[in-house]
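Peer 1: Predicted model follows, preceded by the sequence.
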Amino acid sequence: MRLARISLGALVTVAGCDTSGIHAFGRLRDPLVPCEADPSGLAVTTSTWLRSTADATELLLLGRRVPTDVVMPDQPACFARAVFAHDGSTTIAFGSYALDADGMGQATHVLDYTFTAQPDRSILERDGSVRADLPTPIGDPLTIALDGDRLVVTLADASMRLTALSDVVGAIDLAKPGGADDLFRLYDLPMLTSQARLLGFGSGAMTQYVHTDAVFGGMIRDAFTVNVESLLSPNTTIAYHQLEDLTGIVVDGDQRTNVDTHGNGAMDGSLGFLMHGPGDRTIRGHVGYAGLKISNGLASGGSYALSIDGDATPYSVSYQVGTQLDLRDVLPVEAP
Amino acid sequence: MSTAHSRAHRHACVASAHAHALIAAIAICAALETSTRARPDPSPAPDAVEESSATVHERVDQHSLGLGFESLYFRTRSTDDYAMQGPAIVYDYFVGRRWGFLLRTAAFLALSGEMNGPTGHFAGGFDRVYDQHHYGADLMLMAARRIPVGARLIATVGLGAHLQWYSLAGARYSPVEDASAGIGGLAKADYPLNGWLALSGELAAALDPLDLVNHQNPARLTLPLCLSFAVAARY
């Protein structure tokens, strides 16, 4: 019996190791230098742009409110490009950019984040969110021009026609069938960008956060923290503190996942959110996670409870919407 | 008597070296052999030799507890080279006669480290970086042989399985942790103070080619080395 306990302890210890390593000595969990922002959140200093493709949603975050503003090379502004596949797989390239008066410049990235959805694997075999720290920044030619209310961007070989995030918020109509699903998908974008930066997210490597409050800064403002209760009870709390990862969407509150070592259990907690649309339009609301069932570390049943301030109607969003991140209802595919 | 004694030492040492391939054991044996040769009149102190020989034939249960200094080197698949070092607490347990079973455990506190390679560079202390913990543990299960050397010294050499785990963790930094397995061995010299108490010095080393964690960047080879001094008690 004693030997069995010792063996179990040894196995838990080994199984509890962070599988995303072996990391370099002194490697920061969060080396991201956020965009220059107004600490009060009153002044907008960035702009976020979106487009749909056949199989993904793409996003550009620029460290200027007016995207065509000149950015001097010796004082670059933040730049992020994120791609969200419909299954929730996310890649983010984060760095900076410079732009001249003709709309020509260069974007460089130094941090590459990847989260790959791997529902067919057990939670201990998944890669989870990983980060590559590039030894030297990678630069790509960049052009930016406004075409009416659209942004036309060429980045390396890719041409994009993008819509302002606030306009996508404005396109959401909760009265339409599927409107709540669209709102949830939009709300889910900063959740995905934050989770992709949370090293080990979605895998057994989350055990690296046992007994710690690891802090990750927002790409624009404020932060979120993560804490895992213990190796044998890997209940996880992700606390969002007015996190702003995308321009005009702020998330706040605690999200808890109460699971066993196989990733089976349920979620709990509620997150408040704020979305700035065009003009004075804002959407405030909450997403409740209490009805969500988790199997193998993934949402497998139940629904998200979506409520909007000033709207008496409660909305129930199926757990499946979280892995159907297709925004084409409110963000149609546009030719570059 | 002198020649036979010297030859006996030489055979024991060569056999030990072949059997265990421990550099440290060879060094100790060579030193002892040299000292025996250099003695013009060995004056073998027959009583002492007989006592020493008798000692290794009787059943021994020996516990020893001491302090040491551990250095740990490892190389990962990304071809990064790491080293860390710090003090260790070492516990040994031997049971047997001439041949026996030897268990060695150690716990160490990694105080500083260095790293070089394509992933990054680091040199410095761990107390500020890994503010949550920075420690490790070591286990060896060995077949061991006790060899009388000289009038009072008893050498022990062992070879067997090695298991190790370490973890460095800090709130702001990604953890560095691993569990590895391989072969390990030690060479130890006991200097009896009386019938049951002895002072001992020990050099332990291991070679771990197995990374037991399913790491994305696994350790290809881990080499711990520990020098320690202990007080041993037998009954």
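Peer 2: Sure thing, it's come through.
Peer 1: would residue A:195 count as being in a strand?
Peer 2: No - assessed with DSSP: H, G, I helix; E, B strand; the rest coil, residue A:195 is helix; it does not lie in a strand.
Peer 1: Tell me which residues touch it, please.
Peer 2: A:90, A:115, A:129, A:201-202 (CB atoms under 8 Å, 6 or more residues apart in numbering or on different chains). Where C-beta positions appear, they are placed from N, C-alpha and C, glycine not excepted.
Peer 1: and the residues you listed, which of them are in helices?
Peer 2: Among the contacts of residue A:195, none falls in helices (DSSP state H).
Peer 1: Tell me how many other residues crowd the nearest residue to residue A:118 once chain neighbours are set aside.
Peer 2: Counting by CB to CB, 6 or more residues apart in numbering or on different chains, residue A:118 lies nearest to residue A:126, which is 4.6 Å off, once chain neighbours are set aside. For residue A:126, the neighbour count with other CB atoms under 10 Å in any protein chain shown is 25.
Peer 1: Contacts only, for residue A:126.
Peer 2: A:116, A:118, A:202-204, A:297.
Peer 1: That one and chain B: what is the separation?
Peer 2: 11 Å (CB to the nearest CB, to the nearest Å).
Peer 1: Quick one, grab the pLDDT at the residue located most distally from the centre of chain B.
Peer 2: The C-alpha centroid of chain B is most remote from residue B:172, which lies 34.5 Å away (CA atoms, centre = their mean). On pLDDT, residue B:172 comes in at 91.
Peer 1: Can I get the contacts of residue A:126 in CSV including distance to residue B:200 and neighbour count?
Peer 2: Converted to CSV, these look like this (distance: CB to CB, whole Å; neighbours: other CB atoms under 10 Å in any protein chain shown):
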residue, distance to residue B:200, neighbour count
A:116, 53, 18
A:118, 52, 18
A:202, 50, 23
A:203, 45, 25
A:204, 42, 25
A:297, 50, 26
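Peer 1: nearest to chain B, of these?
Peer 2: residue A:204 (8.4 Å; CB to the nearest CB).
Peer 1: Tell me the secondary structure of the closest residue to the closest one other than its chain neighbours, please.
Peer 2: Nearest-residue entry for residue A:204: residue A:124, 4.1 Å, with adjacent residues in sequence omitted and distances by CB to CB, 6+ apart. State at residue A:124, reduced to three classes by three-state DSSP: helix.
Peer 1: Contacts only, for residue A:124.
Peer 2: Residue A:124 sits next to A:15, A:19, A:203-204, B:214 when contact means CB under 8 Å, 6+ apart.
Peer 1: Could you pull up phi and psi at the residue of the stretch 51-200 of chain A found nearest chain B?
Peer 2: Closest to chain B within the stretch 51-200 of chain A is residue A:199: 6.5 Å, counting by CB to the nearest CB. Here is the backbone geometry of residue A:199 (degrees, to the nearest 10): phi -60, psi 130.
Peer 1: So it is in contact with residue A:27, correct?
Peer 2: No - Residue A:199 is beyond contact range of residue A:27, at 9.6 Å (criterion: CB atoms under 8 Å).
Peer 1: hey, what's in contact with both of these two?
Peer 2: Residues within reach of residue A:199 and of residue A:27 at once, by CB under 8 Å, 6+ apart, are residue B:174.
Peer 1: So for the two, which sits in the more crowded spot?
Peer 2: residue A:199 (27 against 21).
Peer 1: Helices of chain B, residue ranges please.
Peer 2: B:2-20, B:23-38, B:46-57.
Peer 1: An error on my part: the question was meant for the stretch 101-250 of chain A.
Peer 2: In the stretch 101-250 of chain A, the helices defined using DSSP state H, counting those that start in this stretch lie at A:165-171, A:179-197.
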